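**Q** Structure of the sequence below:
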Amino acid sequence: MSMKLVIAALALLLSACGGSAESLTVDNATYRAPLTDGGVGVAYFSITSATADRITGLSSPNAGRIEMHATVTKDGMASMERLDSVELPAGQTVIFAARGLHLMVFSPQPVAPGATFPIQIELESGRKEAVSFAQTLGTDHR
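**A** Numbering: from 1, shown residues only. Presented below is the predicted three-dimensional model:
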């Protein structure tokens, strides 16, 4: 293989791995296990995409399914609404937190103390981000 071909291949590989236009940042990823067997866990995080995109799917090898929900208040009553997607405006942080956007984790497998809970975030653009959610204790699940 010629040196020019090796350099071109390395440049292509580096641009694919480190392109700032494709940057996705996930912070404060926390998972709260259900308080009882058969319960539902919740997960919170903040996410910033350098380019406009949309979360269209979530999965975990440790859960039956994961759904995005929003807490909404109508006529003074709070309830949860399931969302099929969540917009990620370019450069703006979207926060999943208690009493707002959040993830509901159905049929989660137990997590050992100190272990993380893996969740894959799938975007409309085709990007996928595997995130290790730190386990936290607490009773505020929504």
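**Q** which sections of the protein are below the confidence cut-off?
**A** 1-22, 137-142 (pLDDT under 70).
**Q** show me where it has strands.
**A** 24-32, 41-49, 53-59, 65-74, 77-83, 86-88, 93-96, 101-106, 116-123, 128-136 (DSSP state E).
**Q** Tabulate these (a markdown table), appending mean neighbour count.
**A** For every residue, glycine as well, the C-beta is placed using N, CA and C. Shown next, in a markdown table, are the strands of the chain (neighbours: other CB atoms under 10 Å):
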| stretch | mean neighbour count |
| --- | --- |
| strand 24-32 | 18 |
| strand 41-49 | 22 |
| strand 53-59 | 17 |
| strand 65-74 | 14 |
| strand 77-83 | 10 |
| strand 86-88 | 17 |
| strand 93-96 | 16 |
| strand 101-106 | 21 |
| strand 116-123 | 19 |
| strand 128-136 | 15 |
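**Q** ok, the residue positioned nearest the centre of the chain - contacts?
**A** Centroid check for the chain by CA atoms, centre = their mean gives residue 121 as the closest residue, at 4.6 Å. By CB atoms under 8 Å, 6 or more residues apart in numbering, the residues touching residue 121 are 26, 47, 55, 57-58, 128-131.
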